[in-house]
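In: structure for the following, please:
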Amino acid sequence: TVWTYPCGHVFAHKSGHNFNEFEQSRRLNWNRNWHLFLNANFLTGPIPETLGSLQSLSMLDMGANDLNGQLPGAMYFLRSLESLTLSSNNLVGPLLSDVGGLESLKELDLQSNQMSGELPSELGVLTNLTTLILGFNEFSGTIPSELGLLTNLLVLDLNSNQLTGLVPPELSLLNDTVIDYFGNFVWE
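Out: Numbers count the residues shown, from 1 in each chain. Okay, here's the model as predicted:
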């Protein structure tokens, strides 16, 4: 079942095991900012590329499902997206440098997936970010020094990845930020 509210919220509850019902909901007026909540809906399979066409989407929560595959390239260009939660799925692959295209993003939660590769330095251009949660994945390489540019950041969770090397001194500029990089191979 999909419920639509005049304020622009779309909630789906136990709507099935794929995106068919969501695809049918594209007849909705997507010309204003929308919040799409599909968390804990037993969704399986890859995230459809068509989600990238929802340019007025400001909040997307598809956490706690069984989604797999990589993040679709088109999702990196949702210019109005302020909050993206894809935690507790089975997503794989890298976080692409195109993440810098999510210029309105305030919250990014990709915790508890199987994502890998190096963290892109382009995360540093997301100056509106207040929450960056990437813990419990398989990210490797060093922590990008550009994260020190995120002066609005309140939470930085890199816990339990495969990050290595020196913690960038630029992170010490984030005085009001709770930073967790426990469970990696990093040192100060």
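In: C-alpha from now on. contacts and neighbour counts both.
Out: Noted.
In: gap between Gln162 and Ala74?
Out: 27 Å (CA to CA, to the nearest Å).
In: looking at those two, which is more packed in?
Out: Gln162 (20 against 15; other CA atoms under 10 Å).
In: pretty sure that one contacts Gly141?
Out: Yes - the pair Gln162 and Gly141 qualifies as a contact (CA atoms under 8 Å) at a distance of 7.3 Å.
In: Thr164: which element?
Out: In the assignment (DSSP states H and E), Thr164 maps to strand 162-166.
In: helices and strands around the next helix-or-strand element following that strand, which ones?
Out: For strand 162-166, the following helix or strand on the C-terminal side (DSSP H and E) is strand 178-180. If you count contacts as 3 or more CA pairs under 8 Å, 6 or more residues apart in numbering; DSSP states H and E, strand 178-180 packs onto strand 155-157.
In: identify the residues contacting the strand it packs on?
Out: With contact meaning CA atoms under 8 Å, 6 or more residues apart in numbering, strand 155-157 is reached by Thr130, Thr131, Leu132, Ile133, Leu134, Gly135, Thr177, Val178, Ile179, Asp180, Tyr181.
In: quick check on those residues: which are buried?
Out: Burial by neighbour count, judged by 16 or more other CA atoms under 10 Å, picks out Thr130, Thr131, Leu132, Ile133, Leu134, Gly135, Thr177, Ile179, Tyr181 from those.
In: switch these over to CSV; also include pLDDT and distance to Gly69.
Out: What follows is the buried ones among the contacts of strand 155-157, written out as CSV (pLDDT from 0 to 100; distance: CA to CA, whole Å):
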residue, pLDDT, distance to Gly69
Thr130, 98, 27
Thr131, 98, 24
Leu132, 98, 21
Ile133, 98, 19
Leu134, 98, 17
Gly135, 98, 18
Thr177, 96, 31
Ile179, 97, 28
Tyr181, 97, 25
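In: save those residues as a markdown table, and put in distance to Asn152 too.
Out: Output for the buried ones among the contacts of strand 155-157, formatted as a markdown table (distance: CA to CA, whole Å):
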| residue | distance to Asn152 |
| --- | --- |
| Thr130 | 5 |
| Thr131 | 9 |
| Leu132 | 11 |
| Ile133 | 14 |
| Leu134 | 17 |
| Gly135 | 19 |
| Thr177 | 8 |
| Ile179 | 13 |
| Tyr181 | 19 |
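In: still on that earlier bit, residues of the strand holding Thr164 that come out buried?
Out: Buried-residue list, strand 162-166, by 16+ other CA under 10 Å: Gln162, Leu163.
In: using CSV, write down the CA coordinates of that strand.
Out: Taking Å, rounded to 0.1, in the frame of the first residue of the first chain, the C-alpha atoms of strand 162-166 are listed here in CSV:
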residue,chain,number,x,y,z
GLN,A,162,39.2,-1.2,6.2
LEU,A,163,40.6,2.3,6.3
THR,A,164,44.3,2.7,6.8
GLY,A,165,46.9,5.4,7.5
LEU,A,166,47.1,8.6,9.4
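In: understood, closing this out.
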